[in-house]
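Q: What follows is a predicted protein model with its sequence.
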Amino acid sequence: MSLFIPTYFSPISQYEEIVKADKIIFEMEDNFQKQSFRNRCYIYNGNGKQLLSIPLKHQIKDGRKKTKDTLIENDFPWQDQHFKSLQTSYRVSPYFEFFEDDISLLFYKKYKFLHDINIDTFLLIAGALQIETSISKTENYTSKTSEKDCRFLAEKNLQPEREFKKYTQMFDDKHGFIPNLSILDLLFMEGPNAVSFF
């Protein structure tokens, strides 16, 4: 069993651990951290690394806010912008068309809470990669756990420093290989075979 924080189209480093887990527990009781993968991911476009960030409503009680209570700010057309960015970056990739219809559903559904879209992105990717694992959610927060603790992978500044297995990327002839992007980058380039890169 491994403990993860649900993130938005998680980085490849998180999926490397997810595919090894026979059971996944999602942390639902942690405090929201800015500058993390909870509401952002990175893709590859013609200019290099591009950030896709979900805008959030700022409602903090006592200086802290639980991730599960984090609200999405839907006054901005962020879903339309994110989907157009994916289309622009990956429309001619080998597998974008194969997954486009399923992924587009996430960008037409209206979400209130951040954790809802993060769980939905996980379920979509798990299906695409044919990851068969059971999932559950925490009911209390603890800093120490008997499970394999992978919560740090949600933090942008705590990513593993190591070599990532290379694969062909859309713009690597211009900018070279960019490691540990969103799982979408690997999925659109390698399709169901992406699992073999872990």
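A: In hand now; what should we look at?
Q: which residues in this structure form helices?
A: In the chain, the helices defined using DSSP state H lie at 12-18, 78-90, 96-108, 114-128, 172-175, 183-190.
Q: Which positions in the second one come out as buried?
A: Looking back up the chat, that one is helix 78-90. 78-79, 82-83, 86, 89-90 (16 or more other Cβ atoms under 10 Å). Every C-beta, even on glycine, is put in place using the N, C-alpha and C of the backbone.
Q: For that helix, give me every contacting residue.
A: Here helix 78-90 makes contact (Cβ atoms under 8 Å, 6 or more residues apart in numbering) with 43-46, 50, 52-55, 96, 100, 103-104, 106-108, 170, 184-185, 188.
Q: Selecting buried members of these in PyMOL, what would you type?
A: Of the contacts of helix 78-90, the buried ones go into a single PyMOL selection, burial set by 16+ other Cβ under 10 Å:
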select buried, resi 43+44+45+50+52+54+96+103+106+107+170+184+185+188
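Q: Now for the closest residue to Asp120 other than its chain neighbours: which residues touch it?
A: Of all residues not flanking Asp120 in the chain, Leu106 sits nearest, at 5.8 Å (Cβ to Cβ, 6 or more residues apart in numbering). Shown in contact with Leu106 (Cβ under 8 Å, 6+ apart): 79, 117, 120-121, 124.
Q: Same question for Tyr42.
A: By Cβ under 8 Å, 6+ apart, the contact set of Tyr42 is 11, 49-52, 181-182.
Q: I'd like the distance between it and Ser89.
A: Here the criterion is Cβ to Cβ, to the nearest Å. By it, Tyr42 lies 11 Å from Ser89.
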